[in-house]
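Visitor: dropping a prediction and its sequence here:
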Amino acid sequence: MRKLIAHNFVTLDGVAVIENVIGTIVELRDTPEVLDGFFARVAEEDAMLLGRVTYQEWAEHWPTSTSQPFADHINGVPKYVASRTLESAPWAAGDDAVVIGGDLVAEVTALKQQPGGNIGVHGSPTLVEALLHADLLDELWLEVYPVIAGTGARLFKEGSGPKRLELADSKIASNGVVILSYRSRS
């Protein structure tokens, strides 16, 4: 069965939607210590699952981006978008994304059972939380940035039930970025 692996950035105060500190995070991320490991993990993916908000932001940016190698990756792999509101998901570079609009658990389970490599979930904090609590997420890779955002959407919202994960790997970059890999215990 294919693995479903989430990639997320968070600040020290748990913020995952990082608009107000994006400049600092881009600066801290732009090092081989952080990017080499990320790109090695992304190279193992042959499909991508996005939430609606991330899809809408990325569909405007990545088809014309020259930020390599991620632009070639995202533009070249099949993309799936979890959304209850979208009927289509156009992607200007390559094939359009496929909308998963029905039963998230059933559709993602079927996707994981197809032959292929890992399926990456990038950004999409609401989707990541739903996948984690539905026991569909195999790994959660976090890049924790030594920044306090102060405000912004958190990766995990208050009120969701507890979930225990197992630390699979960790690395501390010389600039203070902590890279953590957790596996589902279910």
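Guide: Yep, that arrived. Residues are numbered from 1 along each chain as shown.
Visitor: roughly how far out does stretch 150-162 sit from the chain middle?
Guide: 16 Å (C-alpha atoms, centre = their mean, to the nearest Å).
Visitor: and it, what's buried?
Guide: Gly152, Arg154, Leu155 (16 or more other C-beta atoms under 10 Å). For the C-beta atoms, the positions are set from N, CA and C on the backbone; glycine is no exception.
Visitor: which of those fall in strands?
Guide: Counting by DSSP state E, no part of the buried residues of stretch 150-162 is found in strands.
Visitor: so for Thr64, what's the pLDDT?
Guide: At Thr64, the predicted lDDT confidence score is 93.
Visitor: ok, it - contacts?
Guide: Ala92, Ala93 (C-beta atoms under 8 Å, 6 or more residues apart in numbering).
Visitor: how much space separates it from Arg154?
Guide: To Arg154, Thr64 is 31 Å away according to C-beta to C-beta, to the nearest Å.
Visitor: check Leu127 too.
Guide: Where Arg154 is concerned, Leu127 sits at a distance of 14 Å (C-beta to C-beta).
Visitor: so where's the chain shaky on pLDDT?
Guide: Within the chain, the stretches with pLDDT under 70 are 186.
Visitor: what ranges does the chain have for its strands?
Guide: Taking DSSP E as the test, the strands found in the chain are 4-11, 45-51, 79-82, 98-100, 118-122, 139-145, 165-172, 178-184.
Visitor: can you pull the contacts of Glu44?
Guide: Gly117, Asn118.
Visitor: repeat that with 10 Å
Guide: If you count contacts by C-beta atoms under 10 Å, 6 or more residues apart in numbering, Glu44 has them with Lys3, Ile5, Gly117, Asn118, Gly120.
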